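Engineer: have a look at this fold, sequence not included:
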Ligand SMILES: Nc1ncnc2c1ncn2[C@@H]1O[C@H](COP(=O)(O)OP(=O)(O)OP(=O)(O)O)[C@@H](O)[C@H]1O
């Protein structure tokens, strides 16, 4: 039944019913018109896409132009497909007449807005207007549609005369909000675009510059807000952000999959979602490792540890290295190497970039020895044989010395010595050698077997310390440019010689003639293959990519080393950091935001707090409060927005009782267990899956972070609490995953 049915209690039931029907008919007509427009827009984009693919491409430039156009049209089609469900979800009636419909995208008829994008300034009152501060709006209407049919209307009259006394926590569109919150959970997070609340809206639309920290308890919508903020920023700063890209960092792949549908449903696809373990191109930080090792690797002291380890790879020989050159021996001793090493280090360059200085120095030392032998003038001190002008004992000139150095550089013995003393290192080789040789126990491990999430920031740090000697790549690029210039010059020459011929087909028309006054360099640029990948794709492959904005979710879990890596990805420090310090589970995670941020922005960051829990019903929140009453520091629980009417249930039993409890559950179910009991429970209840698509899943607390389910069975809460130094926080996380029912299974003693 429509929420409108109660609008006008004083009128007769008949008149009231008629009013409701008229309103439904009116909205249905409007919504149908919007869908017709959407279909037309989609059809046009499809036609453009097909037309673009029919173009042959011809030159590399035309091909890359074609690919870029095709990508843009394909994205547009995908965007129109994505906004199909719930295209229009609201309407504002300004006091001075007219109506504004609010939806997922903007649709216009000439200059007339038919549908206002939810992110446009004009849509803002939909989220923040109250009876007291109405922004000139007399009525806000929530419109619910299913398969293009209007199924519910929910009106709020924003009239100052009926102003609610409690504006502070007044809910906007309460009926629509509660319907959304009561809906069953699937394995995917949904957008909240129709029911964003005022405190959330303020965060979403906060200015993009600087660091914004969003702190809030479980279920306060931090993740939802972060994702909607990404969509808002992309809409508001489209040009800048679509070029540099937006990065969203989440704690694990399951979480990223859980949130992956939200931005597409908001018609935004160009965002890179990654875990901290994904941020080093070519590496996937998925190798499991003990929490103690991860904690050590995350410490800020690792920077000095790595600096020392790099320095230790710049060696001097204990005893002279002897290398045979033309049946004679040259020597590299400790003293000469030390001098050369000092010079290379004094350059201040990273290891790999300083290596050419070291190599040149060593080759000089060796070349001098060769030159002394073969270039020595046997008569230089003999007055009869000597040229009077001769001042040097050596007859070799600079060119000869250069030849000797080049010959030496090619000798296997010399190369082996250089590799031993100052090896060219990739971050992977460096770190794998380091773990294989370190004396520190939790860190030592044999090479191979992949990388852990905690290794990835260290690979990134190592990449900074080592530097990348890209001289070979630059030389290749220079050769490529030369080739294109030569080719372009050839094109211009031919073109000038064939000016009297008419171009016969399109492809020939691509070739300009000399009258086009094209310089070869300009033409060469046209023949370059352009990169038609999106910013997100290019960013994913480039360690040194600087994102336009970075959003970090579950930010309290990141280690100091992970923060260093993330800050490198965002030199502009345009960041949104969302998390809850009371939920920190990682041993090296955050205790305070200022400790996390002060090394990068001092105290120049802003804090926004979210205070209302949209997930956890009042009954479960109160139960959590009782279980965590002795937490130190005390936990500031968020205010639950609704109640489920179901008290949490405590059961004492064994894992064999768990199967019965699992069978009793309805809706999506998670069984959350202490890490130490994961294998035992998995074996005892094989029906529990590991994939969020399955109706019942088995998770540790860490794996459940950020997720939610209709039902949760929490196994052995005391062990969860005892299992880690941050066990209280872990228990808090586990207790607040359910949207409807919580069962706690305590072991029978
Ligand atoms: N304004 C809203 N309208 C409808 N649903 C909402 C709203 N705000 C939050 N929710 C819902 O509440 C639930 C919790 O939101 P979310 O996961 O973003 O919270 P969180 O603060 O990130 O929680 P956690 O700290 O546990 O990770 C989600 O189902 C989300 O869709």
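Structural biologist: Okay, I see it. Please read these numbers as outputs of a predicted model, since none were measured by experiment. Numbers count the residues shown, from 1 in each chain.
Engineer: contacts for the host helix or strand of residue 203?
Structural biologist: Under the criterion of DSSP states H and E, residue 203 resides in helix 198-204. Contacts made with helix 198-204 from outside it, assessed by C-beta atoms under 8 Å, 6 or more residues apart in numbering, are listed as 124, 127-128, 130, 172, 192, 196, 212, 214, 221, 224-225, 228-229, 232, 608, 610-612. Where you see a C-beta, it was placed from the backbone N, CA and C, and this is true even at glycine.
Engineer: list only buried entries from those residues.
Structural biologist: Applying 16 or more other C-beta atoms under 10 Å to the contacts of helix 198-204, the neighbour count classes 124, 127-128, 130, 172, 192, 196, 212, 214, 221, 224-225, 228-229, 232, 608, 610, 612 as buried.
Engineer: show me the contacts for the residue lying closest to residue 318 once chain neighbours are set aside.
Structural biologist: Leaving aside its sequence neighbours, residue 318 sits nearest to residue 334 (C-beta to C-beta, 6 or more residues apart in numbering; 7.0 Å). When contacts are counted by C-beta under 8 Å, 6+ apart, residue 334 is found next to 316, 317, 318, 319, 320.
Engineer: could you do residue 640 as well?
Structural biologist: For residue 640, the contact set (C-beta under 8 Å, 6+ apart) comprises 612, 613, 616, 617, 618, 620, 621.
Engineer: and the gap between the residue nearest to residue 321 when sequence neighbours are not counted and residue 275?
Structural biologist: Spatially, and ignoring its direct neighbours in sequence, residue 321 is nearest to residue 332 (4.5 Å; C-beta to C-beta, 6+ apart). Between residue 332 and residue 275 the distance is 46 Å, computed by C-beta to C-beta, to the nearest Å.
Engineer: compare those two and say which is more crowded by neighbours.
Structural biologist: In this view residue 332 and residue 275 are compared by other C-beta atoms under 10 Å, and residue 332 has more residues nearby, 22 against 19.
Engineer: residue contacts, the more buried one?
Structural biologist: 317, 320, 321, 323, 362, 365, 366, 417.
Engineer: tell me the secondary structure at the first one.
Structural biologist: What that stands for is residue 317. coil (DSSP: H, G, I helix; E, B strand; the rest coil).
Engineer: pLDDT score assigned to it?
Structural biologist: The score at residue 317 is 96. That number is its pLDDT.
Engineer: now it: how far from the ligand?
Structural biologist: Taking C-beta to the nearest ligand atom, to the nearest Å as the criterion, residue 317 is separated from the ligand by 56 Å.
Engineer: was I right to think that residue contacts residue 337?
Structural biologist: Yes: the pair residue 317 and residue 337 qualifies as a contact (C-beta atoms under 8 Å) at a distance of 6.1 Å.
Engineer: shared neighbours of the two, anything?
Structural biologist: residue 421.
Engineer: more neighbours: the two, which one.
Structural biologist: Under the neighbour definition other C-beta under 10 Å, residue 317 and residue 337 were set side by side, and residue 337 has more, 23 against 17.
Engineer: without its sequence neighbours, what residue ends up closest to the more buried one?
Structural biologist: Leaving out its chain neighbours, the residue that sits closest to residue 337 by C-beta to C-beta, 6+ apart is residue 316, at 4.3 Å.
Engineer: same question, residue 434
Structural biologist: Take residue 434 and drop its neighbours on the chain: the residue closest to it by C-beta to C-beta, 6+ apart is residue 309, 5.2 Å away.
Engineer: what about residue 651, is that helix, strand or coil?
Structural biologist: Secondary structure state of residue 651, per three-state DSSP, is strand.
Engineer: for it, which residues are in contact?
Structural biologist: The contact partners of residue 651, by C-beta under 8 Å, 6+ apart, come to 657, 661, 743, 744, 745, 746.
Engineer: give the buried subset of these as a PyMOL selection command.
Structural biologist: To isolate the buried members of those in PyMOL, using 16+ other C-beta under 10 Å:
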select buried, resi 661+743+744+745
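Engineer: in helices, which of the contacts of residue 651 fall?
Structural biologist: Among the contacts of residue 651, the members falling in helices are 657, 661 (criterion: DSSP state H).
Engineer: coming back round to it: the residue nearest to residue 434 and residue 430 touch, don't they?
Structural biologist: Yes: in terms of C-beta under 8 Å, residue 309 counts as a neighbour of residue 430; the distance is 7.4 Å.
Engineer: pick out whichever of the two has more residues nearby.
Structural biologist: More neighbours surround residue 430 than the other of residue 309 and residue 430, with 23 against 18 (other C-beta under 10 Å).
Engineer: for residue 240, which non-adjacent residue is closest in space?
Structural biologist: residue 548 (5.7 Å).
Engineer: next up, the contacts around that neighbour.
Structural biologist: Counting by C-beta under 8 Å, 6+ apart, residue 548 has contacts 237, 240, 241, 243, 244, 245, 246, 572, 574.
Engineer: ok, and the closest non-adjacent residue to the residue of the stretch 1-150 of the chain at minimum distance from the ligand?
Structural biologist: Taking C-beta to the nearest ligand atom as the measure, the stretch 1-150 of the chain has residue 127 as its residue closest to the ligand, at 9.0 Å. If the residues on either side of it in the chain are set aside, residue 127 comes closest to residue 201, at 4.1 Å by C-beta to C-beta, 6+ apart.
Engineer: so in the protein, where's the weakest helix or strand by average pLDDT?
Structural biologist: helix 506-509 (a mean of 42; mean pLDDT, DSSP states H and E).
Engineer: dump the residue contacts of the residue in the stretch 451-600 of the chain that the ligand sits nearest to.
Structural biologist: Ranked by C-beta to the nearest ligand atom, the top residue of the stretch 451-600 of the chain for proximity to the ligand is residue 580, at 5.1 Å. Contact partners of residue 580, counting by C-beta under 8 Å, 6+ apart, are 215, 216, 217, 218, 222, 556.
Engineer: and residue 431, by the same measure?
Structural biologist: Residue 431 sits in contact with 455, 458, 459, 462, where contact means C-beta under 8 Å, 6+ apart.
Engineer: can I get the contacts of residue 334 in TSV with distance to residue 591?
Structural biologist: Output for these, formatted as TSV (distance: C-beta to C-beta, whole Å):
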residue	distance to residue 591
316	43
317	47
318	46
319	51
320	53
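Engineer: burial count for residue 51?
Structural biologist: By the other C-beta under 10 Å criterion, the neighbourhood of residue 51 contains 12 residues.
Engineer: confidence score at it?
Structural biologist: You'll see residue 51 listed with a pLDDT of 85.
Engineer: then it would be within a helix, right?
Structural biologist: Yes: Residue 51 sits within a helix when classified using three-state DSSP.
Engineer: my guess is residue 251 meets residue 703, correct?
Structural biologist: No: between residue 251 and residue 703 there is no contact under C-beta under 8 Å: 9.3 Å.
Engineer: tell me which of those two has more neighbours.
Structural biologist: Higher neighbour count among residue 251 and residue 703: residue 251, with 25 against 20, using other C-beta under 10 Å.
Engineer: helix/strand/coil for that one?
Structural biologist: Reducing the assignment to helix, strand or coil with three-state DSSP, the entry for residue 251 is coil.
Engineer: got the contact list for it?
Structural biologist: 275, 553, 554, 557, 705, 706.
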